[in-house]
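# coords please:
(one chain, ligands or ions: 1)
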Amino acid sequence: MYLPQLLARAEKGEKLSVLTCYDASFARLLVENGVDVLLVGDSLGMTVQGHTSTLPVTLEQMIYHTDAVVRGAAGGAFVVADLPFGSYQKSPQQAFDAAARLMAAGANMVKLEGGAIMLESVRFLTQRGIPVCAHLGLLPQSVNVTGYRTQARDTSAANQLLQDAGDLESAGAQMLVLESIPSVLAEEVTQRLRIPSIGIGAGPHCNAQVLVLQDLLGLTPKPPRFAKNFMTGAGDLAAAIRAYVAAVKSGEFPAPEHTF
Ligand code: KIV
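Numbers count the residues shown, from 1 in each chain. I've put the predicted structure just below:
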């Protein structure tokens, strides 16, 4: 699937379902059960590798997992791959070199974390044929600065996030992940931007929702408050995935208890 088809569906008001995915078997299962976008997230550092953060994940590892997911998805879903910590922050040229390798592995888009500091790189990549998903709010690659907690709670941080979101769109970003921010702020960002917002712990007003697959499957020992275990009562993996997709499409997920 190509970006224009996906964006057209979001523009018509369809809520897009996104899940993280790290291997071919799950990619096949997610596609068969209607997931629109597979995110090869650097959360694999925690879910697959057992680290306490995403920071140890390397570009080579992201290429390996992207390659596997792309093969499993077999063109049935849009694949976004994370640029891992240290592979893109130095310069637009460094970001391009890393992103080009993920695109060559079959990704349809790359994702990077950060606001003002990333504008030049977003412009550089998008002008050279690499679609970019930006990521604001809680930035897991900056956990050593912020910790894992809700972001942009005060007026000045909220205004900064609004400014960054608009600037990233102007620089060429074509999707935007909003992680762990107040629902009212995510709603305002979503209203102001033309590009789809993808919420995770950002309330029900985003154009799309994303969850970490292991959180959805009840495999995370201490899941974040915004996650929901869709295995409860589902019977099997396929039914849990279908329940997630249906809940996102209908707007039932996220419910108030998953929202800040
Ligand atoms: O790596 C990841 O799984 C992510 C999601 C939390 C959006 O970036």
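# not counting sequence-adjacent ones, nearest residue to the residue in the stretch 1-150 of the chain that the ligand sits nearest to?
Nearest residue of the stretch 1-150 of the chain to the ligand, counting by C-beta to the nearest ligand atom: G41, 2.5 Å away. Bear in mind the C-beta positions are built from the backbone N, C-alpha and C, glycine included. Spatial nearest neighbour of G41, chain neighbours left out: T20 (4.2 Å); criterion: C-beta to C-beta, 6 or more residues apart in numbering.
# got phi/psi on that neighbour?
T20 has phi and psi values of phi -70, psi 150 when expressed as degrees, to the nearest 10.
# which residues in this protein form helices?
Using DSSP state H, the helices found in the chain span residues 3-11, 24-32, 44-47, 59-73, 92-104, 119-126, 143-146, 155-171, 183-192, 213-216, 237-250.
# between helix 119-126 and the fifth one, find me the angle.
In other words, helix 92-104. Counting by axes from the mean of the first three to the mean of the last three C-alpha atoms, to 10 degrees, helix 92-104 lies at 40 degrees to helix 119-126.
# returning to what we had before: could you report the neighbour count for the residue nearest to G41?
The number of residues packed near T20 is 25, by other C-beta atoms under 10 Å.
# what bridges to it?
Bridge pairing for T20 (DSSP bridges) gives the partners L39.
# which residues are in contact with it?
Listed by C-beta atoms under 8 Å, 6 or more residues apart in numbering, the contact set of T20 reads 38-41, 43-44, 47, 210-214.
# can you list the residues of the protein near the ligand?
20, 39, 41-43, 82, 177, 179, 200, 210, 212 (C-beta under 6 Å from any ligand atom).
# would you turn those residues into CSV with distance to A116 and pLDDT?
Converted to CSV, the residues of the chain next to the ligand look like this (distance: C-beta to C-beta, whole Å; pLDDT from 0 to 100):
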residue, distance to A116, pLDDT
T20, 26, 98
L39, 24, 99
G41, 23, 98
D42, 21, 98
S43, 24, 98
D82, 20, 99
V177, 17, 98
E179, 17, 98
I200, 22, 98
V210, 23, 98
V212, 27, 98
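# ok, of these, which come out buried?
Buried subset of those (neighbour count, 16 or more other C-beta atoms under 10 Å): 20, 39, 41-43, 82, 177, 179, 200, 210, 212.
# that older thread, nearest to P204, out of the helices of the chain?
Closest of these to P204 is helix 183-192, at 7.0 Å (criterion: C-beta to C-beta).
# average pLDDT for the closest one?
Helix 183-192 shows a mean pLDDT of 98 in the predicted model.
# mind listing what's buried along that helix?
183, 185-190.
# re earlier: tell me the one among the residues of the chain next to the ligand nearest to H258.
Ranked by distance to H258 (C-beta to C-beta), those are led by I200 at 9.8 Å.
# report the contact partners of that closest one.
Per C-beta under 8 Å, 6+ apart, neighbours of I200: 177-180, 209-211, 226.
# at 10 Å instead, please
I200 makes contacts with 18, 20, 39, 41, 135, 137-138, 177-181, 186, 206, 208-212, 215, 224, 226-227, 254, 258, as judged by C-beta atoms under 10 Å, 6 or more residues apart in numbering.
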